[in-house]
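Need a 3D model of the following:
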Amino acid sequence: MIDKIFPDARAAIDGVRDGDTVLIGGFGEAGNPTELIHALIEQGARELTVVNNNSGNGEIGLALLLHERRVARLICSYPRGSHAHVFETLYRDGQIALELVPQGTLAERLRAGGAGIPAFYTPSGVGTALAEGKETRTFAGRDHILEHAICGDVALIKAEAADRWGNLVYRKAARNFGPVMAMAAKTTIAQVRKVVPLGELDPEAIVTPSIFVSRVVPIADPISERDHILALEQAR
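Reported below is the predicted structural model:
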């Protein structure tokens, strides 16, 4: 019987190794797998390469992972933000490497990784510092730069619901990078608000099918990153 449900986040995160590439879903607060990230901190893996849309906020979730010095390299689109002080401090002190990637290119590099496409050409970034050192070709009179696919050892994502097979549905904008990251990783771990019986999920609503999901953790009441940051600000 196929049953991918794990009792808690810490159990699900076992197996992540030092030096792994970890794909972490989320866009701002939407879709952040905060409990999985905190379990990763507890698990202890270090020297990670993390792929995310941004660099985290406050001192929770991804920002806390950075604060604990577990990340050697960050690949993201928006490293700076109003609450991204942890990353800024580490970067200024030379304690973390950064690869800056336009958001659309980041999504396409992940999609390519999941589809088995090793690289592609895109006009995004042509003529900027992001194009330095990259192969350039001209198609239909327009310059394009070569971008390589991103694949991960592990993906940590957040969904709204799952069944025991691992089929996933998402809630609105919380979907963001989850589907492409699930496809691009060797092991995909999803935290979900609820687990439903087989057959309850509408097949037409399943965005990430079970073949791309390795482990599922039910987290009925996930941490709110926004509430955490507001509480910190009020305490100051």
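
List the contacts of Thr136.
126, 143-146 (C-beta atoms under 8 Å, 6 or more residues apart in numbering). The way it works is simple: take the backbone N, C-alpha and C, and place the C-beta from them, glycine included.

Excluding covalently adjacent residues, which one is nearest to Asp20?
Asp153 (4.0 Å; C-beta to C-beta, 6 or more residues apart in numbering).

and the gap between the one you found and Gln191?
For Asp153, the distance to Gln191 (C-beta to C-beta, to the nearest Å) stands at 18 Å.

Compare the two and say which one has the larger neighbour count.
Gln191 (26 against 18; other C-beta atoms under 10 Å).

partner residues bridging the more buried one?
Lys158, Val217 (DSSP bridges).

so the residue lying closest to Glu68 once chain neighbours are set aside, which of the three states?
Using C-beta to C-beta, 6+ apart and skipping the chain neighbours, the partner closest in space to Glu68 is Ile41 (5.5 Å). When classified by DSSP: H, G, I helix; E, B strand; the rest coil, Ile41 comes out as helix.

what's Ile41 in contact with, if anything?
64-65, 68, 70.

That one and Thr34, how far apart?
11 Å.

Validate this expectation: His144 resides in a helix.
No. Under three-state DSSP, His144 falls outside any helix and is assigned strand.

What confidence value was assigned to the residue lying farthest from the centre of the chain?
For the chain, the residue at maximal distance from the C-alpha centroid (C-alpha atoms, centre = their mean) is Gly141, at 35.1 Å. Per-residue confidence (pLDDT) for Gly141: 97.

go on, Arg226?
72.

For it, which non-adjacent residue is spatially closest?
Using C-beta to C-beta, 6+ apart, the nearest residue to Arg226 is Glu29, at 5.4 Å.

now the contacts of Thr136: which count as buried?
144-145 (16 or more other C-beta atoms under 10 Å).

Now distance to Ala184 too, for the contacts of Thr136, in CSV please.
As requested, the contacts of Thr136 are exported to CSV (distance: C-beta to C-beta, whole Å):
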residue, distance to Ala184
Val126, 24
Asp143, 27
His144, 22
Ile145, 20
Leu146, 18
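
Which single one of the contacts of Thr136 is nearest to Arg92?
Ile145 (28.1 Å; C-beta to C-beta).

so how far is Thr105 from the closest one?
For Ile145 relative to Thr105 (C-beta to C-beta), the value is 9 Å.

got any residues that touch both of those two?
With C-beta under 8 Å, 6+ apart as the test, Ile145 and Thr105 both reach 122, 124-125.

Just the buried ones from the residues you listed?
Looking at those with 16+ other C-beta under 10 Å, the buried ones turn out to be 124-125.

where does the protein have low pLDDT?
Scanning the chain with the threshold set as pLDDT under 70 gives 227-236.

ok, which stretches of it are strands?
With DSSP state E as the criterion, the chain has strands at 21-24, 48-51, 71-76, 97-100, 119-122, 136-139, 142-148, 152-162, 168-169, 185-195, 215-218.

Would you reformat those as TSV and include distance to Pro7?
Shown next, in TSV, are these (distance: least, C-beta to C-beta, whole Å):
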stretch	distance to Pro7
strand 21-24	22
strand 48-51	24
strand 71-76	27
strand 97-100	35
strand 119-122	40
strand 136-139	51
strand 142-148	38
strand 152-162	15
strand 168-169	19
strand 185-195	12
strand 215-218	8
